[in-house]
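Trainee: sharing a sequence plus its predicted fold:
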Amino acid sequence: MRYPEFLPDNGTIGFIAPSFGCAIEPYKTCFDHALDHFREMGYRTKLGPNCYASAGVGISNTPELCGKELNEMYADPETDILMTCGGGELMCEVVPEIDWELIRRVKPKWYMGYSDNTNFTFLSTILADTAAIYGYCAPSFGQEPKHASIRDAFDLLKGKTTVHNYPKWEKESLKSEENPTATYNVTEEYRQRIFLAEKSQNAGAGELRELDKAAFEGRLIGGCVDILVTLLGTRFDKTADFLERYKEDGIIWFLECCDLNPLSIRRAFFQMREAGWFKYTKGFLIGRPLHFDEDIMGVDRLNAVTSMIGELGVPMIMDLDIGHLPPQMPLISGAYAKVDAKDNTIVIEHEFR
C-alpha cells in the first residue's frame, strides 16, 4: 500500500470538483470561508478550474473535464494534498476519464472527500494500492464555530493516526442559504450498536447477539454503499484481486448509505455479499444512514444489514460517526487499522503498513 506524505506546515492545498462544484448556496459561501480559514492558518491554496462550475449533469462539468482536472491536480507538484468541493450524484461517469495508470505511477497524494467521492477513494485503493481519506469535503471547513470533528479531520491530514466517535450527532441541519456557515446541530445522543451472529454452516445466520464491546484489526476499505454497488461488476471492479493481495491482513469494511432506504440497503448488502466482496472480512464499521428512522415492511437500518452479513460470524458495529449524518470520523481507505469499541465509544488506530 502506498501512503502519501502528510500536509506540511505552510503547504499547498489543492481543490478539485470531480463531483459537485460550489456554484450555489450554501456551498459557495462555505467554500469561500474554508479558503479564508486555510489561508489564515498559513496554507497556500490552489483551485482547479471546476471548483465553482455547474456546467455538468450531476457533476461540476463534463466527465472529460472533470477527469482532466483530477489527473492534472493529482500529478501537480505544487499541491501537497487534494480536497474535493463536494459529493454529488454522477461522479461514476468521471471514473473512465481518470488516468489510473497515472495514479499508480506518480508520487501519491492525499485525496479527501466522501459520498460520491467513493468513486475515487475506493478505486484508488483497489486499483492503485494508494491510500485515500474518506472524510469531509472542503466546504465543511467553512463552518463557524468549527465542530471538534472538523479539527480532527484536518489533524489526520497533518499526521494524526487515531480517530474516535463524538458524544452527539446531527439529525436536522441548521445550514441554509440564509445561514450557510452554521455549525452542526448536534442534538442526538451517540449510541453505537454491536452485533454478532453465530457463523452458519447452512443458509442464513445463527442467533444474533448484541454485545457491549468488540475489537478486531485488518485493512480498511469501503465508502458510500450507493456508489459501491454502482461500481460492482464494472470493468473497474477489481475488488476480488485486492482481497487476495491483502488476505493475510484481513479486511475491515466501513460502509454508509445516503439515498438508499432500508429495503435498498438490504438489497445492496445482498449484492455485495453474493459478489464475494466480504471474503476475508474481520469486521464491519457501519455508519448512520440518512434514512435513519425509516421502517419498510419490517425492515429497518439494523436488520437490513445484520440479516445479510450476520452469517459471516464477524462483529458488526453500527450507527457510527461515518457518513451523511455528521459528525464523521475520517477513515483512511487502504490503511491497516485496529478497532477497539467498548463503553459506547470507538477508537480506530490507523497503521501505515
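Mentor: Yep, it's here.

Trainee: quick one, what contacts the residue most central in space within the chain?
Mentor: Geometric centre of the chain, nearest residue: Y134, 3.2 Å, by Cα atoms, centre = their mean. If you count contacts by Cβ atoms under 8 Å, 6 or more residues apart in numbering, Y134 has them with 112-114, 117-118, 121, 222-223, 254, 322, 330-333. All C-beta spots, glycine's among them, are computed from the backbone N, C-alpha and C.

Trainee: buried among those? Make that a ChimeraX selection.
Mentor: Buried members of the contacts of Y134, defined by 16 or more other Cβ atoms under 10 Å, are picked up in ChimeraX with:
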select :112,113,114,117,118,121,222,223,254,322,330,331,332,333
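
Trainee: could I get the contacts of Y134 as JSON lines with distance to A214 and pLDDT?
Mentor: Listed next are the contacts of Y134 as JSON lines, based on distance: Cβ to Cβ, whole Å; pLDDT from 0 to 100:
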{"residue": "M112", "distance to A214": "27", "pLDDT": "98"}
{"residue": "G113", "distance to A214": "28", "pLDDT": "98"}
{"residue": "Y114", "distance to A214": "24", "pLDDT": "97"}
{"residue": "N117", "distance to A214": "28", "pLDDT": "98"}
{"residue": "T118", "distance to A214": "25", "pLDDT": "98"}
{"residue": "T121", "distance to A214": "25", "pLDDT": "98"}
{"residue": "G222", "distance to A214": "17", "pLDDT": "98"}
{"residue": "G223", "distance to A214": "21", "pLDDT": "98"}
{"residue": "F254", "distance to A214": "14", "pLDDT": "98"}
{"residue": "I322", "distance to A214": "16", "pLDDT": "98"}
{"residue": "P330", "distance to A214": "21", "pLDDT": "97"}
{"residue": "L331", "distance to A214": "17", "pLDDT": "98"}
{"residue": "I332", "distance to A214": "20", "pLDDT": "98"}
{"residue": "S333", "distance to A214": "21", "pLDDT": "98"}
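
Trainee: of the contacts of Y134, which belong to strands?
Mentor: 112-113, 222-223, 254, 331-333 (DSSP state E).

Trainee: I'd like those laid out as CSV, including distance to I81.
Mentor: Below are the ones in strands among the contacts of Y134 laid out as CSV (distance: Cβ to Cβ, whole Å):
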residue, distance to I81
M112, 7
G113, 11
G222, 21
G223, 19
F254, 21
L331, 16
I332, 13
S333, 15
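
Trainee: and those, which is closest to S60?
Mentor: Taking Cβ to Cβ as the measure, S60 lies nearest G113 of the ones in strands among the contacts of Y134, at 12.7 Å.

Trainee: how close does that closest one get to T62?
Mentor: G113 sits at a distance of 19 Å from T62 (criterion: Cβ to Cβ, to the nearest Å).

Trainee: check I309 too.
Mentor: The gap separating I309 from T62 is 38 Å, by Cβ to Cβ.

Trainee: more crowded one of these two?
Mentor: Neighbour count, other Cβ atoms under 10 Å: between I309 and T62, I309 has more, with 23 against 17.

Trainee: pretty sure K168 is touching R191, no?
Mentor: No. Assessed by Cβ atoms under 8 Å, K168 is found out of contact with R191, at 10.3 Å.

Trainee: which one's more surrounded, the two?
Mentor: Between K168 and R191, counted using other Cβ under 10 Å, K168 has the larger neighbour count: 13 against 10.

Trainee: ramachandran angles for A240?
Mentor: Dihedral pair for A240: phi -60, psi -40, per degrees, to the nearest 10.

Trainee: got the contact list for the nearest residue to M112 once chain neighbours are set aside?
Mentor: Excluding its sequence neighbours, the residue lying closest to M112 (Cβ to Cβ, 6 or more residues apart in numbering) is I133, at 4.1 Å. I133 sits next to 110-113, 121, 156-157, 330-333 when contact means Cβ under 8 Å, 6+ apart.

Trainee: cool, and T187?
Mentor: 168, 170-172.

Trainee: repeat the analysis, applying 6 Å as the threshold.
Mentor: Contact criterion Cβ atoms under 6 Å, 6 or more residues apart in numbering gives no residues in contact with T187.

Trainee: what strand or helix carries it?
Mentor: strand 186-189 (DSSP states H and E).

Trainee: what strands line up against that strand, and which way round?
Mentor: Paired neighbours of strand 186-189 in the sheet (DSSP bridges): strand 168-170 (antiparallel).

Trainee: what's the average pLDDT for the partner strand?
Mentor: What strand 168-170 shows for mean pLDDT is 98.

Trainee: so how far is it off the chain centroid?
Mentor: Relative to its parent chain, strand 168-170 has a centroid offset of 18 Å by Cα atoms, centre = their mean, to the nearest Å.

Trainee: hmm, who's touching that strand?
Mentor: 184-186, 188-190, 325-326.

Trainee: filter the residues you listed to the buried ones?
Mentor: Buried among these by 16+ other Cβ under 10 Å: 184, 186, 188, 190, 325-326.

Trainee: burial check on the nearest residue to E351 once chain neighbours are set aside, number of neighbours?
Mentor: In space, and not counting its chain neighbours, E351 is closest to Y336: 4.4 Å by Cβ to Cβ, 6+ apart. Y336 has 19 neighbours, counted by other Cβ under 10 Å.

Trainee: what pLDDT is listed against Y336?
Mentor: 98.

Trainee: would you confirm that it contacts E349?
Mentor: No. Counting by Cβ atoms under 6 Å, Y336 does not reach E349; the two are 9.2 Å apart.
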